[in-house]
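>>> Quick one: sequence plus predicted model below, questions after.
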Amino acid sequence: QLRGVRPFLSDKYDITKQLKFDFTANSIARIDEPDGPADKNRYPQFYSAWRDSVLSNFRHFGRTTSYYHFYNLNYNIPVNKLPLLSWVSSNLRYSGRYDWLAGPVYPDSANIDLGNTIKNASNGQLTLQANMTNLYGKSKFLKRVDSETQPGAMKKANLGFDEVKYERGGIKFTAGKARFITHNLKTRDVTVTAKKPDGTEVKGNIRIISPTRVEFVSETDADNVTVSITGKVPKKQDPLKMIGKYSVRALMALRNISGTYTIEQGQLMPGYLPGTNFLGAEYYNGKMAPGWRYLAGLPDENFFNEALSYGWFTRDTLQRTAASYTKREQINLRASIEPFPGLKIDLTADRRFSRTVSAYFTADRNGNFPDSTRNTTVGGNFSISVISWGTAFEKISTKDNYESPAFRRFREYTQIISKRRAAERKRIDPGYDPTFDPVNETVIFNGYASGYGMNSVDVLVPAFLAAYTRRDPNRISMNPFPGILQMMPNWRVTFEG
């Protein structure tokens with residue numbers, strides 16, 4: 001039977017207003033009980049030994065079966081506190097984790113010790129953002145232009161009113177009879193006056209029929225009356241001023257820029273002999289295992305070789321689980337462009353690279369760890385944003401056996417890349433002969449250099465990128481993993497009219 005103990009620790013601490021830290025640790029232990037009965041009344045001869053064993057294990061806080069801790073560090077870089085950079089913000093985040101897991105327990109007679117398992121992981125992220133709108137807002141003129149060119153700004157703008165007039169003479173009125181007057185002032189906010197030739201005002205009732213027409217019912221008969229209609233209409237924007245405002249607004253099309261760099265790393269080590277004492281560490285063979293760097297979640301590719309030299313790996317030949325190291329890097333760039341209100345263009349570019357190395361640290365029957373048993377493997381993934389718009393809609397016909405022009409260029413470029421690869425190798429190895437095949441001991445006449453044939457990965461990747469992105473095969477990078485400067489933006493256009 002087993003009884004459990006679970007100590008738990010969690011703490012948060014704000015080092016400064018910008019720097020925050022939190023830490024969590026958890027450990028699970030088991031109080032092992034010896035074989036045999038534990039009934040004091042029925043088996044008094046066995047009870048004393050059972051009690052002493054349980055109490056001894058309890059005083060030592062049991063046998064740890066699992067331990068982990070993780071922490072987070074968050075720092076808001078105060079770059080925006082600088083007067084000239086208040087429109088820029090930046091953040092740095094880092095987290096680390098360490099896990100220790102007890103291995104299976106076998107009877108002493110089995111003479112099996114597969115060891116424990118430890119693993120760690122870390123995640124770091126740096127973010128930088130530039131809010132260009134806030135930068136433009138530092139200028140009163142640009143801020144006003146930006147405000148006046150927003151959607152609906154023209155309707156909300158209060159430019160005042162212009163006074164418009166209409167006058168017509170020689171009108172005859174009959175008492176009590178309606179007379180309709182069309183003025184075409186296009187407003188209902190009008191004032192109507194009617195006067196006789198001697199200046200006397202004609203009294204009557206006025207009714208607004210529409211923005212272009214009124215009704216006048218005179219109280220008396222009158223001849224040769226002059227009717228004056230005065231109205232107010234909202235002022236209109238000056239077309240030249242509007243063109244100027246939207247031209248300035250177009251110069252402020254770039255609204256936001258942001259970039260994020262992320263790095264993740266992790267290690268897994270089976271067959272680990274040391275246990276846990278303080279924060280998952282233990283002094284073993286005169287060394288603190290696995291070391292502060294590993295405990296902090298900072299993987300190191302050379303850690304496994306160091307652990308081997310310190311005697312931290314089990315020498316049991318039954319240990320068949322591979323140790324592994326993983327690293328992933330990712331870069332994301334984003335820009336938001338708004339040439340004029342309603343039209344938004346989002347540009348994004350990213351580059352992702354991951355690499356995993358695994359190896360078997362299994363001892364032979366003599367207790368040694370030969371390189372021949374490690375069976376090291378390296379794998380990973382890579383992706384980068386590119387622009388293939390120029391070749392995406394090329395015509396394919398039966399005359400060309402359904403081959404696109406881009407594919408034909410791809411095949412042609414393989415020979416160019418093959419020769420470039422051969423020239424690079426020739427500079428490093430003067431004895432290399434690109435025209436001779438050492439395997440078949442024959443001269444090569446197919447247009448490709450020795451070791452760099454049509455199906456070589458070193459040839460295919462640059463040739464493919466050059467052909468499908470319309471770049472010069474004589475100048476394209478030969479790096480199988482293009483760098484940051486080779487990232488090309490993808491885009492998304494939205495319009496809210």
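Cool, the structure landed. What you see is a predicted model, and the numbers here were worked out from it, not measured in a lab.
>>> From here on, just use CA atoms for contacts and neighbour counts.
Will do.
>>> By mean pLDDT, which helix or strand of the protein comes out lowest?
Least confident helix or strand of the chain, by mean pLDDT, DSSP states H and E, is strand 2-5 with a mean of 50.
>>> so where's this protein shaky on pLDDT?
Residues of the chain meeting the criterion pLDDT under 70: 1-11, 35-37, 39-40, 45-46, 52-53, 57, 59-61, 151-159, 497.
>>> Would you mind stating the distance between residue 393 and residue 233?
Look at residue 393 and residue 233: by C-alpha to C-alpha, to the nearest Å, they are 54 Å apart.
>>> buried residues in the helix or strand containing residue 231?
For residue 231, the element it lies in under DSSP states H and E is strand 222-234. For strand 222-234, the neighbour count (16 or more other C-alpha atoms under 10 Å) marks 222, 225, 226, 227, 228, 229, 230, 231, 232, 233 as buried.
>>> That one pairs with which strands, parallel or anti?
Here strand 222-234 has these sheet partners by DSSP bridges: strand 161-173 (antiparallel), strand 190-195 (antiparallel).
>>> Would you map the strands across the stretch 1-150 of the chain?
Along the stretch 1-150 of the chain, the stretches classed as strands by DSSP state E, counting those that start in this stretch are 2-5, 8-14, 19-32, 63-77, 88-101, 116-131.
>>> Output these in JSON lines; the columns should cover distance to residue 371 and mean neighbour count.
Output for the strands of the stretch 1-150 of the chain, formatted as JSON lines (distance: least, C-alpha to C-alpha, whole Å; neighbours: other C-alpha atoms under 10 Å):
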{"stretch": "strand 2-5", "distance to residue 371": "41", "mean neighbour count": "13"}
{"stretch": "strand 8-14", "distance to residue 371": "41", "mean neighbour count": "11"}
{"stretch": "strand 19-32", "distance to residue 371": "36", "mean neighbour count": "18"}
{"stretch": "strand 63-77", "distance to residue 371": "31", "mean neighbour count": "19"}
{"stretch": "strand 88-101", "distance to residue 371": "26", "mean neighbour count": "20"}
{"stretch": "strand 116-131", "distance to residue 371": "21", "mean neighbour count": "20"}
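>>> what would those strands look like in CSV with distance to residue 334?
Formatted as CSV, those follow (distance: least, C-alpha to C-alpha, whole Å):
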stretch, distance to residue 334
strand 2-5, 49
strand 8-14, 31
strand 19-32, 26
strand 63-77, 20
strand 88-101, 15
strand 116-131, 9
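>>> From residue 469, how far out is residue 396?
18 Å.
>>> of the two, who's got more company?
Taking other C-alpha atoms under 10 Å, residue 396 and residue 469 do not tie; residue 469 has more neighbours (17 against 12).
>>> I'd like the distance from residue 193 to residue 205, if you could.
11 Å.
>>> and these two? which has more neighbours close in?
More crowded of residue 193 and residue 205, by other C-alpha under 10 Å: residue 193, with 16 against 12.
>>> and that one, what does it touch?
By C-alpha atoms under 8 Å, 6 or more residues apart in numbering, the contact set of residue 193 is 201, 202, 227, 228, 229.
>>> And for the residue lying closest to the fourth one once chain neighbours are set aside, the neighbour number?
So that's residue 228. Spatial nearest neighbour of residue 228, excluding adjacent residues (C-alpha to C-alpha, 6 or more residues apart in numbering): residue 167 at 4.4 Å. By other C-alpha under 10 Å, the residues close to residue 167 number 13.
>>> And residue 167, how close does it get to residue 225?
Taking C-alpha to C-alpha, one finds residue 167 at 11 Å from residue 225.
>>> And residue 414, by the same measure?
Using C-alpha to C-alpha, which is the criterion applied here, residue 414 is 95 Å from residue 225.
>>> got it, and residue 55?
121 Å.
>>> Please apply the same query to residue 397.
83 Å.
>>> try residue 481
For residue 481, the distance to residue 225 - C-alpha to C-alpha - is 91 Å.
>>> cool, residue 255 as well?
Where residue 225 is concerned, residue 255 sits at a distance of 62 Å (C-alpha to C-alpha).
>>> now do residue 286
Distance of residue 286 to residue 225, given as C-alpha to C-alpha: 119 Å.
>>> same question, residue 194
On the measure of C-alpha to C-alpha, residue 194 and residue 225 end up 6 Å apart.
>>> Which residue comes closest to residue 378 once chain neighbours are left out?
In this structure, residue 378 finds its nearest non-sequential neighbour in residue 357, 4.6 Å apart by C-alpha to C-alpha, 6+ apart.
>>> residues touching that neighbour, list them.
Applying C-alpha under 8 Å, 6+ apart, we find residue 357 in contact with 324, 325, 326, 376, 377, 378, 379.
>>> Count the neighbours of the fifth one for me.
If I follow you right, that is residue 377. Neighbours of residue 377 under the rule other C-alpha under 10 Å: 11.
>>> Run through the bridge partners of it.
With DSSP bridges as the criterion, residue 377 is bridged to residue 358.
>>> quick one, what contacts it?
Residue 377 touches 357, 358, 359, counting by C-alpha under 8 Å, 6+ apart.
>>> which one among those residues gets closest to residue 189?
Ranked by distance to residue 189 (C-alpha to C-alpha), those are led by residue 357 at 81.8 Å.
>>> so who does the spatially closest residue to residue 201 that is not a sequence neighbour touch?
The spatial neighbour of residue 201 that comes closest, neighbours along the chain excluded (C-alpha to C-alpha, 6+ apart), is residue 195 at 4.3 Å. For residue 195, the contacting residues are 201, 202, 225, 226, 227, by C-alpha under 8 Å, 6+ apart.
>>> Redo the residues you listed as CSV? Include distance to residue 268.
Formatted as CSV, the contacts of residue 195 follow (distance: C-alpha to C-alpha, whole Å):
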residue, distance to residue 268
201, 102
202, 102
225, 103
226, 100
227, 97
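>>> Tell me the one of the contacts of residue 193 nearest residue 184?
Closest to residue 184, out of all of the contacts of residue 193 and judged by C-alpha to C-alpha, is residue 229, at 10.3 Å.
>>> For beta bridges, what are the partners of the closest one?
residue 166, residue 192.
>>> what's it in contact with, if anything?
By C-alpha under 8 Å, 6+ apart, the contact list for residue 229 reads 165, 166, 167, 183, 190, 191, 192, 193.
>>> Is it correct that the fifth one is in contact with residue 233?
When you say that, I think you mean residue 190. No: using C-alpha atoms under 8 Å, residue 190 makes no contact with residue 233, being 9.5 Å away.
>>> ok, residue 58 to residue 38 distance?
Taken as C-alpha to C-alpha, the span from residue 58 to residue 38 is 16 Å.
>>> where exactly do the helices run in the chain?
Assigned by DSSP state H, the chain shows helices spanning 44-59, 132-136, 140-148, 153-156, 239-251, 292-295, 303-309, 389-392, 405-428, 457-468.
>>> between the longest one and helix 457-468, how many degrees?
Using axes from the mean of the first three to the mean of the last three C-alpha atoms, to 10 degrees, the inter-axis angle of helix 405-428 relative to helix 457-468 is 140 degrees.
>>> likewise the fifth one?
In this structure, helix 239-251 runs at an angle of 180 degrees to helix 457-468, with the same axes, to 10 degrees as the basis.
>>> Who are the packing partners of helix 239-251?
Contact here means 3 or more C-alpha pairs under 8 Å, 6 or more residues apart in numbering; DSSP states H and E; on that basis helix 239-251 packs against helix 140-148, strand 323-340.
>>> Select, out of those, the one closest to residue 131.
Proximity to residue 131 (C-alpha to C-alpha) singles out strand 323-340 among the helices and strands packed on helix 239-251, at 9.9 Å.
>>> could you give the angle of the closest one to strand 116-131?
Calculated by the same axes, to 10 degrees, strand 323-340 forms an angle of 10 degrees with strand 116-131.
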